[in-house]
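Chemist: sharing a model that was predicted from the sequence below.
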Amino acid sequence: MAGKAAKSVVKAIGEYQYPWREKLTKYKDELSKGVWGYWELGAWKPLGISARRRARLRKEVLLAGEDWPYDPERKEMRTKRKGHKCDRISAEKRAHTAELMKSMPQKLLDYKKRKWEKKMKEEDAKAAKP
């Protein structure tokens with residue numbers, strides 16, 4: 001008989017040890033304002049619940065199998081590798097130079113044609129003056 005009473009007391013204490021549903025309803029507005037705090041009328045206001053208690057509440061909710069919608073969205077991972085900027089820029093310059101060198105013969109022909117046309121115009125202008 002004493003064993004049953006002790007078990008019921010332990011069960012009652014275990015269920016009520018950390019009442020996360022009540023805490024979740026109590027702090028729902030605070031949790032939706034952000035993780036660390038929020039700006040209000042130009043002043044920074046910390047949350048009404050401490051970070052330790054917030055983390056404990058989050059852990060209890062997740063262990064119970066519920067979802068926790070109050071976490072901020074995660075940024076996507078950086079794909080750019082670290083390194084020296086000069087190395088990266090020089091590699092980009094080399095690639096750009098290689099692309100320009102492919103079009104170089106056509107550019108030279110266009111340049112020679114423009115110079116020749118300019119020379120012909122000048123000769124025609126000289127010939128038309130006298």
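Modeler: Nice, I can see it. Residues are numbered from 1 along each chain as shown.
Chemist: and the pLDDT at the residue nearest the centre of the chain?
Modeler: Taking CA atoms, centre = their mean, the centroid of the chain lies closest to Lys75, which sits 3.4 Å from it. Note for Lys75: predicted pLDDT of 86.
Chemist: that one and Arg94: what is the separation?
Modeler: Distance, Lys75 to Arg94, by CB to CB, to the nearest Å: 31 Å. Bear in mind the C-beta positions are built from the backbone N, C-alpha and C, glycine included.
Chemist: same check, this time on Glu30
Modeler: Taken as CB to CB, the span from Glu30 to Arg94 is 55 Å.
Chemist: so which of those two has more stuff around it?
Modeler: Between Glu30 and Arg94, counted using other CB atoms under 10 Å, the more crowded position is Glu30 (16 against 9).
Chemist: so that one makes contact with Ile49?
Modeler: Yes. Shown here, Glu30 and Ile49 form a contact pair, counting by CB atoms under 8 Å, at 5.6 Å.
Chemist: so where's the chain uncertain?
Modeler: Applying pLDDT under 70 to the chain flags the ranges 1-18, 130.
Chemist: quick one: the strands in it?
Modeler: Taking DSSP state E, the strands of the chain run over residues 37-40, 43-46.
Chemist: the first one pairs with which strands?
Modeler: Take DSSP bridges as the rule and strand 37-40 pairs in its sheet with strand 43-46 (antiparallel).
Chemist: for the partner strand, give me every contacting residue.
Modeler: Residues outside strand 43-46 that contact it (CB atoms under 8 Å, 6 or more residues apart in numbering): Trp36, Gly37, Tyr38, Trp39.
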